[in-house]
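**Q** No sequence on hand, only this structure:
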Ligand code: GLU
């Protein structure tokens, strides 16, 4: 075990060594396939939990996978065929829940991984959902608003055979937003002949969306950061933060960090980023980015690459863009004390091993970015009850769940002397396995 492990406040304070369990030693060979990486993470937890081999086998496989190839009439008169997926990983603890991603790079294995991560995420924060994810292979920026609406409506219609308020509830993810959810909700409602708000979450407030949902993932990340920095003896005021990703997760997190007094020294989007040693003017950057679309050309601070940003000497690094950003290639150069995963799957299992050896404290995606799905849960409850809460109540209830979940995972990590990802999995995978065992196998 590396002595640098003890060099940061967290472990010294608790006089607890970091993991030296056999499962945590030896970096696995690196893969950029997210499903392979998700299985790797599950296997480590299963071994540690001594999981029943039959249940382990069940959890390795998504329960249901739907692939749809569907036509869309483009504005230039041509017809294009798009491929979409909806994968439901597990429903032992409730209907499956998870976002819908529009990306040219998405594929079945990515959606499988994201669905599995949703299962663990919902279990870790203890909300009554299983995990699912959807994806359509497309570049939403290359489509007109009308084409996007047609694509969304046709995709929603194609997957309507597997989604519903008591079966599987989509929400926004990369490349989709509240408007996308409104089209999905309307399409399902038209087919049913009545308005069905609880069929998706992340909707606009006007049609049954929840107050606080659009900020929820970013707000949850800052809430977790507050818990972590207390252990490190750091303060929010002047905390040096770098955020990779400037969308609904990274952009909101950067704004809330800034409002809370942190010094956000770097942010980036898909095309590049901005850096200022003394802290960036985040509200102005948001204004510019909303106007011009990209950060890379903005006249604030200096230019910085999205990969370069990851290696800055900061207190807190928030990778909030896409998968496989911290890998075997750059993990040894990460200088942040604390990594809080805003994206799903930004760190490969090999990089996890390297960060752990180097004493970098990482809060995993399945805990750190769960604020979004927690408020999705509140939205679903509000829609089913036709009874709506104000934003302060939503934020307070979400933060209470995030704090409690963080403390549960942290305690597990100290008790079992394992890192935060494995600790989170020990809680999440066990809850799902217990539910599956108690329910039994049908028939
Ligand atoms: N796509 C988000 C996630 O990865 C939110 C899912 C939801 O709200 O259902 O957690």
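**A** Great, that's in hand. Source: prediction; values computed, not measured.

**Q** and the stretch 51-200 of the chain, which residues reach the ligand?
**A** Proximity of the stretch 51-200 of the chain to the ligand, by Cβ under 6 Å from any ligand atom, involves residues 97, 98, 99, 171, 173. Glycine gets a C-beta too; all of them are placed from N, C-alpha and C.

**Q** Including neighbour count and secondary structure, could those go into a markdown table?
**A** Formatted as a markdown table, these follow (neighbours: other Cβ atoms under 10 Å; DSSP: H, G, I helix; E, B strand; the rest coil):
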| residue | neighbour count | secondary structure |
| --- | --- | --- |
| 97 | 28 | strand |
| 98 | 32 | strand |
| 99 | 26 | strand |
| 171 | 28 | strand |
| 173 | 26 | coil |
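
**Q** I'd like these as a markdown table, with distance to residue 45 and pLDDT appended.
**A** Formatted as a markdown table, these follow (distance: Cβ to Cβ, whole Å; pLDDT from 0 to 100):
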| residue | distance to residue 45 | pLDDT |
| --- | --- | --- |
| 97 | 20 | 98 |
| 98 | 19 | 98 |
| 99 | 23 | 98 |
| 171 | 25 | 98 |
| 173 | 24 | 98 |
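
**Q** Please produce TSV containing those, extended by distance to residue 370.
**A** Formatted as TSV, those follow (distance: Cβ to Cβ, whole Å):
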residue	distance to residue 370
97	11
98	12
99	12
171	12
173	14
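
**Q** Tell me the one among these nearest to residue 87.
**A** residue 98 (8.5 Å; Cβ to Cβ).

**Q** Next, find the distance separating that closest one from residue 65.
**A** 13 Å (Cβ to Cβ, to the nearest Å).

**Q** Can you tell me the strand partners of the longest strand belonging to the chain and which way each runs?
**A** In the chain, assigned by DSSP state E, the strand with the most residues is strand 79-90. Paired strands of strand 79-90, with direction, are strand 64-73 (antiparallel), strand 130-137 (antiparallel) (DSSP bridges).

**Q** that older thread, grab the two from the residues of the stretch 51-200 of the chain next to the ligand that are most spread out in space.
**A** 97 and 173 (11.6 Å).

**Q** List the residues that contact residue 197.
**A** By Cβ atoms under 8 Å, 6 or more residues apart in numbering, the contact list for residue 197 reads 185, 203, 207, 208, 383.

**Q** Count the residues that sit near residue 340.
**A** By other Cβ atoms under 10 Å, the residues close to residue 340 number 27.

**Q** Just to check, residue 71 is in contact with residue 84?
**A** No - with contact defined as Cβ atoms under 8 Å, residue 71 does not reach residue 84; the gap is 11.8 Å.

**Q** which of the two has more neighbours?
**A** Shown here are residue 71 and residue 84; by other Cβ under 10 Å, residue 84 has more neighbours (26 against 12).

**Q** Could you check the pLDDT of the nearest residue to the more buried one once chain neighbours are set aside?
**A** Distance criterion Cβ to Cβ, 6 or more residues apart in numbering; nearest residue to residue 84, sequence neighbours excluded, is residue 136 at 4.1 Å. As predicted, residue 136 sits at a pLDDT of 98.

**Q** residue ranges for the strands of the stretch 201-350 of the chain, please.
**A** For the stretch 201-350 of the chain, strands defined by DSSP state E, counting those that start in this stretch occupy the ranges 240-244, 263-269, 272-275, 302-304, 316-319, 338-340.

**Q** The ones you listed into a markdown table, with extra columns for distance to residue 111 and mean pLDDT?
**A** Formatted as a markdown table, the strands of the stretch 201-350 of the chain follow (distance: least, Cβ to Cβ, whole Å; pLDDT from 0 to 100):
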| stretch | distance to residue 111 | mean pLDDT |
| --- | --- | --- |
| strand 240-244 | 22 | 98 |
| strand 263-269 | 23 | 97 |
| strand 272-275 | 28 | 96 |
| strand 302-304 | 31 | 96 |
| strand 316-319 | 20 | 98 |
| strand 338-340 | 24 | 98 |
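
**Q** The closest residue to residue 239 other than its chain neighbours: how many residues sit nearby?
**A** Closest residue to residue 239 apart from its sequence neighbours, by Cβ to Cβ, 6+ apart: residue 262 at 4.2 Å. A total of 26 residues lie near residue 262 under the criterion other Cβ under 10 Å.

**Q** check contacts around residue 262.
**A** 236, 237, 238, 239, 240, 241, 316.

**Q** Over to residue 94?
**A** Contacts of residue 94 (Cβ under 8 Å, 6+ apart): 122, 127, 128, 129, 130.

**Q** For residue 404, state which of these is nearest.
**A** residue 127 (11.8 Å).

**Q** Helix, strand, or coil at the closest one?
**A** With DSSP: H, G, I helix; E, B strand; the rest coil as the basis, residue 127 sits in coil.

**Q** Against residue 438, how distant is the residue nearest to it when sequence neighbours are not counted?
**A** The shortest distance from residue 127 to any residue other than its chain neighbours is 4.4 Å, reached at residue 377 (Cβ to Cβ, 6+ apart). According to Cβ to Cβ, residue 377 stands 21 Å off from residue 438.

**Q** Which residue, neighbours along the chain excluded, lies closest to the residue of the stretch 301-443 of the chain found nearest the ligand?
**A** Nearest to the ligand, among the residues of the stretch 301-443 of the chain, is residue 376, at 3.2 Å (Cβ to the nearest ligand atom). Once flanking residues are discounted, residue 376 sits nearest to residue 201: 3.8 Å by Cβ to Cβ, 6+ apart.

**Q** Next: residue 144.
**A** residue 75 (5.3 Å).

**Q** Same check on residue 315?
**A** residue 240 (4.7 Å).

**Q** What is the neighbour count of the one you found?
**A** That count, for residue 240 with other Cβ under 10 Å as the rule, works out to 20.

**Q** Tell me if I'm right that it and residue 261 touch.
**A** No - the pair residue 240 and residue 261 fails to qualify as a contact (Cβ under 8 Å) at a distance of 11.8 Å.

**Q** which bits of the stretch 201-350 of the chain sit near the ligand?
**A** By Cβ under 6 Å from any ligand atom, the residues of the stretch 201-350 of the chain that approach the ligand are 201, 202, 344.

**Q** ok, now with 8 Å
**A** 201, 202, 213, 217, 344 (Cβ under 8 Å from any ligand atom).

**Q** For the third one, which non-adjacent residue is spatially closest?
**A** Using Cβ to Cβ, 6+ apart and skipping residues adjacent in sequence, the residue nearest residue 213 is residue 375, 4.7 Å away.

**Q** Okay, and the one you found sits in which element?
**A** helix 371-385 (DSSP states H and E).

**Q** Many thanks, we can stop here.
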